[in-house]
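Peer 1: what's the 3D shape of this:
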Amino acid sequence: MAEQKQDDGTKYVAIRCVGGELPGATLAQKVGPHGVQAKVLGEEIKKATAEYKSLKVNVQIAIKDRKATLEVTPNSSTYILKALREPPRDRKKEKNITHHGNITMVDVVDVARKIQHKSNSKEFSGTIKQVLGTCVSIGCRVDGKSPKEVIREINDGSLKVPSK
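Peer 2: A predicted model of the protein is given here:
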């Protein structure tokens, strides 16, 4: 939860919350000193993140003259979990779940295109490998194969990936 200040008086606050739910008490601690009502802002965040129900997303809040604007910025794991099309689960009952689903290489390329602006990779294939590494952490498979196998195939040149 970082806080930054710009020259034009705009202050930025970043929080990580669960989509479709009200953020925790830390929201009031972060935005209260800037003159923004946390309860109203919490409802706005709940509406803005409804698309990512039960998935963790990052929300960037820009505060200027006691007015807040929101920008929802999901990370690659959120995009992958959304591509798995699993039903929303109760976070309080199920902990440390591994996702045994299967996504296609087309989904991996789509996720890589969405996160490319945040990636430090020089080439697009590096961003694809980054997404495949996240698939390893989540526990899902890509086209029925282990994501590590797909990374080996990309490195060997037996699997061609788009250049952009």
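Peer 1: now the strands for this structure?
Peer 2: Per DSSP state E, the chain carries strands over the ranges 3-5, 11-18, 56-64, 67-73, 102-103, 141-142.
Peer 1: Buried deepest among the ones you listed, which one?
Peer 2: For the strands of the chain, the largest average neighbour count (mean count of other Cβ atoms under 10 Å) is found in strand 141-142, namely a mean of 20. For the C-beta atoms, the positions are set from N, CA and C on the backbone; glycine is no exception.
Peer 1: quick check: longest helix of the protein.
Peer 2: helix 124-138 (DSSP state H).
Peer 1: where among the strands of the chain is the average confidence lowest?
Peer 2: Per-stretch mean pLDDT for these is lowest at strand 3-5 (a mean of 59).
Peer 1: hang on, residue 50 packs against residue 22?
Peer 2: No: in terms of Cβ atoms under 8 Å, residue 50 does not count as a neighbour of residue 22; the distance is 11.7 Å.
Peer 1: circling back to that earlier point, need the strands of the chain in TSV with distance to residue 111, can you?
Peer 2: Below are the strands of the chain laid out as TSV (distance: least, Cβ to Cβ, whole Å):
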stretch	distance to residue 111
strand 3-5	27
strand 11-18	19
strand 56-64	14
strand 67-73	14
strand 102-103	9
strand 141-142	11
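Peer 1: circling back to that earlier point, list the helices and strands the longest helix of the chain packs on?
Peer 2: helix 76-84, helix 105-115, strand 141-142, helix 147-156 (3 or more Cβ pairs under 8 Å, 6 or more residues apart in numbering; DSSP states H and E).
Peer 1: What residues sit buried inside it?
Peer 2: 124, 125, 127, 128, 129, 130, 131, 132, 134, 135, 138 (16 or more other Cβ atoms under 10 Å).
Peer 1: And the third one, how close does it get to residue 120?
Peer 2: Right, residue 127. 9 Å (Cβ to Cβ, to the nearest Å).
Peer 1: what domains does the record give for this protein?
Peer 2: 3-73, 76-156 (automatic domain parsing).
Peer 1: roughly how far is the longest one from the heart of the chain?
Peer 2: The chain centroid and the centroid of domain 76-156 are separated by 12 Å under Cα atoms, centre = their mean, to the nearest Å.
Peer 1: And for stretch 75-91?
Peer 2: With Cα atoms, centre = their mean, you get 10 Å for stretch 75-91.
Peer 1: Let me see the mean pLDDT of it.
Peer 2: pLDDT averaged over stretch 75-91 gives 78.
Peer 1: what's that stretch in contact with?
Peer 2: 18, 20, 52-58, 74, 97, 99, 101, 103, 107, 110-111, 114-115, 130-131, 134-135, 137-138, 140 (Cβ atoms under 8 Å, 6 or more residues apart in numbering).
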